[in-house]
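In: Whatever this is, show me its structure:
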Amino acid sequence: MEGILFKKGSISRRMLALFAACELSAAMVAAAEPTITIDANKPLHNVSPTFFGLMTEEINHSYDGGLYAELIQNRTFKDDPKQPVHWSAVKLGNGSAAIVLDQSQPINTALTTCLKLDVQGSGGIANDGYWGIPVKPETTYHASFFAKTNRKSGGPLTVSIESHDGKQIFATAQVPGITDQWRRYDVSLVTGADIKPSVDNRFVISTNDSGTYWFNLVSLFPPTFNGRPNGNRVDLMQMLTAMGPQFLRLPGGNYLEGDTIATRFPWKQTLGDLAQRPGHPGCWRYRSSDGMGLLEFLEWCEDMKAEPVLAVYAGYSLRGEHVNPGPDLQPFVNDALDEIEYVTGDTSTKWGAERAKDGHPQPFKLTYVEIGNEDGFDKSGSYEGRFVQFYDAIKAKYPQLQLISTVGGRDSLGKRFTVKQRTPDVVDEHYYRNAMEMEADAAHYDDYDRKGPKVFVGEWATREGGPTTNMNAALGDAAWLTGMERNSDIVVMQCFAPLFVNVNRGGMQWSGDLIGYDALKSYGSPSYYVQKVFNHTQGDKVLATKGEDIPKLAVQPPTPRGKTAPPAKVMLPSLFYSATRDSKTGAIYVKVVNTAATEQAVRFEVKGAPVAAKGSEIVIKSAKPEDANGISDPTKIVPVTTQVGDLGNSFTRTFAPYSVNVLELQSQ
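Out: Okay, the predicted model is just below:
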């Protein structure tokens, strides 16, 4: 994710915010009744079986403070080298307490900074979580931490979840006497049935015994999806699995690269016991705990019944550092081979055995490996040489793998060079635009070269609205999706980005996201529901469609910076459509996007198969294009399914203003 030109005629991402104010004129070009003809007897091609997936990276507190269920922020005290951020001393009664970071009591090479607590009388430490600690009734939380004292025996310690002011205690447990040796302690905290869900809470460890205490790796987990230890947040996983993704691109884009070579995703340091994971600096101004490690990513895929698309670090980082092809790059190539072996190797291999040791003996299925991320930004022009070196090494050991290049397609980032020496199996293209640009380019893949590499649209989004997208963005998304679905013989994979955003102040670094949440609640944007509905009404055969007399809208682009005169209006279609068929059931799915401010009646002619008079319709709509869902109004815009009649091989349907519609026709 970077601020450059993404496509000919496009504008930089810094300008995208200006497009959010762009208004579509309601004036439509007069035309006869629009007609869409569908040929159900002659499919154009198959829908790619991996067409719909998810892209993830650590941005907007997507993992720490998001999907990764850990509730303690700064659990290893490394988020700030000078002060214990998100921690505070707790004074109880007439006692006193003081805290400070201490590097003189390391547990191991990973846990090198601890929190030192000096207590006189009664006192303790408190963590404020990720914008609060969520509390729910009748819930069991698992707390753990490492602790020691300056005496042979001290304590006991009281562990509790309580209101931020300490006046209400929701759950509490006792830990027996602490010794002068580091030891891990585990307790369960159970809330009662009569409490109300709340978030303005804290986690506290306290004592009534004066002395000095040290703490490290302090953790608090709520119940997790599928009950996985060190697992994921239940509500967010439920939303993801409900989408039915076929793949997950991991560990992400910028997060893979890091700001520098030294801060790239260190996959080997994210394996095994949490006490052996030091964490590393992220590239969005906060540190990653690495609790979401490589195995956790793979198990995330497993829980969704999706396949990983593994991105390997290829020698280029965000601030411009790169590794030259040749001997300097070889250690990174070897590291990628080790990573692939960790994912796919059986227990007779070194890294397959390591995965089994980590608790997962069974190898994971892997089809696609992406070499780098957005390497068109590399001004050195080294990617071709780097790609060839990775390509040759991976193909030699894993000839069955499909390799993805981050440059080389018709719309390569930067257009500085193409990969010529080796032909990638797939090229990755990224698009971030406003709704007008998406709609204007919905036919983007209609004229792509079918003889070249396949395309992975690995990051794309209509960026309007914030923190999550609004209805106008969903219309742009849907228009763009109809074009990709229609061309899913060449677009073999696609995924929206970014996936997540923590909506609290300070939690967002990138607006226009798919799913929003705070510590307690979550919701899907209109774009989320477009993605979900489109995936579940995909079919497996793309049908030929033809539109006639499609009305057009007069659209006023924004005035460019530095200009006084607005550009001329442009004419865009007001209807976008595609059709697929399920070869097993005979169902025909017709997707129609109405971007106009008025309802539109459309005539349908279906050829090649008898169509029943009854079917169903799913509609996502809103009265205003700027409408959006949010924490306080999570279901303002959601899909509504109704049973409809008066269908057949020739019929007319009227589509609401600002609406995304899917008709399911029953045929034989």
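In: What distance separates the opening and closing residues of stretch 651-668?
Out: Separation of the first and last residues of stretch 651-668 by Cα to Cα, to the nearest Å is 18 Å.
In: same question, stretch 637-653
Out: The stretch stretch 637-653 measures 21 Å between its terminal residues, going by Cα to Cα.
In: Tell me the buried residues in it?
Out: Taking 16 or more other Cβ atoms under 10 Å as the basis for neighbour counts, the residues of stretch 637-653 that come out buried are 637, 638, 639, 644, 647, 649, 651, 653. C-beta here means a position set from N, CA and C on the backbone, and glycine is covered the same way.
In: Name the helix or strand for the fifth one, please.
Out: Per DSSP states H and E, residue 647 falls between elements, in no helix or strand.
In: residue contacts, it?
Out: Contacts here follow Cβ atoms under 8 Å, 6 or more residues apart in numbering; on that basis residue 647 touches 611, 612, 613, 614, 615, 663, 665.
In: Now do stretch 486-497: everything it contacts.
Out: Applying Cβ under 8 Å, 6+ apart, the contact partners of stretch 486-497 are 1, 44-48, 50-55, 57, 245, 247, 249, 253, 309, 368, 426, 445-446, 448, 450, 454-461, 477, 484, 514, 527, 531, 542, 545, 578.
In: and the end-to-end length of that stretch?
Out: End-to-end distance (Cα to Cα), stretch 486-497: 21 Å.
In: if we can go back for a sec, spatially, which two of the contacts of residue 647 are the most separated?
Out: Pairwise distances among the contacts of residue 647 were taken by Cβ to Cβ; the largest, 13.0 Å, belongs to 613 and 663.
In: list the contacts for residue 145?
Out: Shown here is residue 145, whose contacts under the criterion Cβ under 8 Å, 6+ apart are 184, 185, 205, 215, 216, 217, 218, 219.
In: ok, back up a step: looking only at neighbour counts, state which of residue 613 and residue 663 leads.
Out: In this comparison of residue 613 against residue 663, neighbours counted by other Cβ atoms under 10 Å, the higher total goes to residue 663 at 22 against 11.
In: The closest residue to the more buried one other than its chain neighbours: which element?
Out: Closest residue in space to residue 663, ignoring its immediate chain neighbours: residue 590 at 4.3 Å, by Cβ to Cβ, 6 or more residues apart in numbering. Residue 590 is part of strand 588-594, with elements assigned from DSSP H and E.
In: ok now that strand, how far from the chain's centre?
Out: Offset of strand 588-594 from its chain centre (Cα atoms, centre = their mean, to the nearest Å): 26 Å.
In: I'd like the mean pLDDT over it, please.
Out: Strand 588-594 shows an average pLDDT of 98 in the prediction.
In: Convert the C-alpha atoms of that strand to PDB, please.
Out: Below are the C-alpha coordinates for strand 588-594, written out as PDB (Å, rounded to 0.1, in the frame of the first residue of the first chain):
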ATOM      1  CA  ILE A 588     -28.600 -18.700 -13.000                       C
ATOM      2  CA  TYR A 589     -27.300 -15.800 -11.000                       C
ATOM      3  CA  VAL A 590     -27.800 -12.300 -12.500                       C
ATOM      4  CA  LYS A 591     -26.000  -9.500 -10.800                       C
ATOM      5  CA  VAL A 592     -27.200  -5.900 -11.600                       C
ATOM      6  CA  VAL A 593     -25.700  -2.700 -10.100                       C
ATOM      7  CA  ASN A 594     -27.800   0.500 -10.300                       C
END
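In: which neighbours does it have in its sheet, and in what orientation?
Out: Partner strands and pairing direction for strand 588-594 (DSSP bridges) are strand 575-581 (antiparallel), strand 659-665 (antiparallel).
In: quick one: contacts of the first one?
Out: Applying Cβ under 8 Å, 6+ apart, the contact partners of strand 575-581 are 34, 36, 38, 40, 43, 47, 439, 442, 478-479, 481-483, 485-486, 537-543, 545, 547, 550-551, 587-596, 600, 602, 655, 667.
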